[in-house]
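J.: The following block contains a protein sequence and its predicted model.
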Amino acid sequence: MSKKFSIILPCYNVESYIDKCLDTLIRQTIGLENLELICINDASTDSTLSLLMSYEQQYPDSIIIINLPTNQRQGGARNIGLQYASGEYISFFDSDDWADLRLYEKVYEKAKQYDCDIVHFECFDFVKDDTFIPSSISTGSNSRLITIENETQRKFFLENVINERFLECSCRNKIYKKNFLLDTNVSFPSHCVLEEPLFVYPLYFYTKRFYVLEERLYYYRYNPFGTMQHTLNQTSKWLDHIKVHLLLFEELEKRGLITQFHDEIELYYLWNLYIETIGFIFRHTNHFPMDLYEYIRESTLTCFPNFSFNTYINRPEYDLLKKSLHSLYVKLNQEQLNALKPTWITL
């Protein structure tokens with residue numbers, strides 16, 4: 001009997017966290033018999049693999065271990081996990097995080113009730129206290145089904161990539177119908193960080209039924225001393241973010257989507273490749289390398305040289321975005337760039 005969910009977990013040096021992660025998945029109220037946990041040991045150098053093997057021995061019908069000889073990073077590990085997935089729905093889980101025990105029961109109910117391609121849910125961010133359980137998982141907003149039946153509705157949906165938080169390109173706070181993923185034929189880039197947009201963003205051009213579940217059901221471990229935060233403090237790693245968006249541009253072009261949805265994609269790039277990238281780097285460094293700024297600027301202009309004619313940025317509601325694009329029009333020097341740091345951080 002096929003499982004309801006295939007949960008794909010890249011695992012790299014998570015000996016301190018993997019027990020809590022797997023325990024909350026094993027105890028899901030939907031029933032472990034309905035879950036397929038695909039754990040990809042991404043060439044860990046600690047005891048992660050032995051811990052995974054002990055879980056596999058206890059739950060051989062529900063846990064699959066894939067042991068990679070070389071590190072593929074999360075994107076490559078997820079791609080490999082997808083090859084083994086047999087569940088009706090796919091979920092991606094970070095192996096240092098944990099779940100509300102009702103997560104998969106709740107999202108499966110909505111997925112089946114509304115025949116969804118994607119169900120989105122919300123997260124809690126935790127820094128230290130793993131044991132604190134918030135009094136309410138509700139976000140205070142209404143859950144809703146978004147149906148997309150024509151090009152006009154698709155354009156409105158894509159515009160909300162900027163002004164609706166549920167459309168950010170994280171893969172872990174969503175579940176996906178497996179057949180939908182097979183039809184759209186998306187994949188993650190390997191050997192890089194900040195890889196998720198290449199997988200998630202193209203899905204927004206094909207989903208017809210997208211459910212937003214306004215409940216926090218996923219516990220994201222924010223570790224300021226962890227691998228990802230260390231990575232983000234290395235400004236050179238942001239080259240991966242640019243690389244991923246250039247690959248994404250090629251993919252969207254190959255699919256013929258840039259012609260059909262030019263202004264919506266351009267708006268996404270002005271925000272995610274340019275504004276968001278520079279702002280995030282400013283939050284992680286006191287010195288913004290000029291060559292990195294110039295590379296971000298040139299990459300954005302290479303993709304969209306005529307951005308000033310975009311129909312969205314000339315609307316009043318995008319006035320702040322438009323003003324912030326001044327540094328795309330005119331190349332800044334180091335002093336001018338540094339002077340903009342307070343503004344970029346608040347965007």
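T.: Alright, I've got the coordinates. Residues are numbered from 1 along each chain as shown.

J.: in the stretch 51-200 of the chain, which spans are strands?
T.: Under the criterion DSSP state E, counting those that start in this stretch, the stretch 51-200 of the chain contains strands at 63-68, 89-92, 98-99, 118-126, 144-147, 174-177.

J.: among those strands, which gets the worst mean confidence?
T.: Mean pLDDT is lowest for strand 118-126 among the strands of the stretch 51-200 of the chain, at a mean of 91.

J.: What separation is there between Y104 and K110?
T.: Y104 sits 11 Å away from K110, going by Cβ to Cβ, to the nearest Å. For every residue, glycine as well, the C-beta is placed using N, CA and C.

J.: er, T300 actually
T.: 37 Å.

J.: more crowded one of these two?
T.: Applying other Cβ atoms under 10 Å to T300 and K110 shows that T300 carries more neighbours, namely 24 against 18.

J.: so who does that one touch?
T.: Y269, L270, L273, Y274, F307, L328 (Cβ atoms under 8 Å, 6 or more residues apart in numbering).

J.: Among the residues you listed, pick out the one closest to K341, please.
T.: Closest approach to K341 among the contacts of T300 (Cβ to Cβ): Y274, at 15.5 Å.

J.: Ramachandran angles for that closest one?
T.: The phi/psi pair for Y274 (degrees, to the nearest 10) reads phi -100, psi -70.

J.: That one: neighbour count?
T.: A count of nearby residues for Y274, using other Cβ under 10 Å, gives 25.

J.: what pLDDT does F132 get?
T.: 65.

J.: I meant F166, not that one.
T.: 56.

J.: At which residues are the helices of the stretch 1-150 of the chain located?
T.: Counting by DSSP state H, counting those that start in this stretch, the stretch 1-150 of the chain has helices at residues 18-26, 48-58, 73-84, 103-114.

J.: With mean pLDDT and distance to D42 added, can I get those in a markdown table?
T.: As requested, the helices of the stretch 1-150 of the chain are exported to a markdown table (pLDDT from 0 to 100; distance: least, Cβ to Cβ, whole Å):
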| stretch | mean pLDDT | distance to D42 |
| --- | --- | --- |
| helix 18-26 | 97 | 12 |
| helix 48-58 | 98 | 9 |
| helix 73-84 | 96 | 5 |
| helix 103-114 | 98 | 23 |
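
J.: closest to I8 out of those helices?
T.: The closest of the helices of the stretch 1-150 of the chain to I8 is helix 73-84. By Cβ to Cβ, the value is 3.7 Å.

J.: Output the below-cut-off pLDDT ranges for this structure.
T.: Low-confidence segments of the chain, defined by pLDDT under 70: 1, 127-133, 165-167, 223-236.

J.: burial count for E164?
T.: Neighbours of E164 under the rule other Cβ under 10 Å: 12.

J.: Pairing partners for T147 in the sheet, please.
T.: Taking DSSP bridges as the rule, T147 bridges to R209.

J.: what sits against the residue nearest to the spatial centre of the chain?
T.: Against the mean C-alpha coordinate of the chain, by Cα atoms, centre = their mean, the closest residue is S170 at 1.6 Å. Listed by Cβ under 8 Å, 6+ apart, the contact partners of S170 are E196, V200.

J.: Give me the phi and psi for it.
T.: According to degrees, to the nearest 10, S170 has phi -80, psi 140.

J.: host element of the closest residue to R144 other than its chain neighbours?
T.: Nearest residue to R144 in three dimensions, chain neighbours excluded: V212, at 5.3 Å (Cβ to Cβ, 6 or more residues apart in numbering). V212 is part of strand 209-221 when elements are defined by DSSP states H and E.
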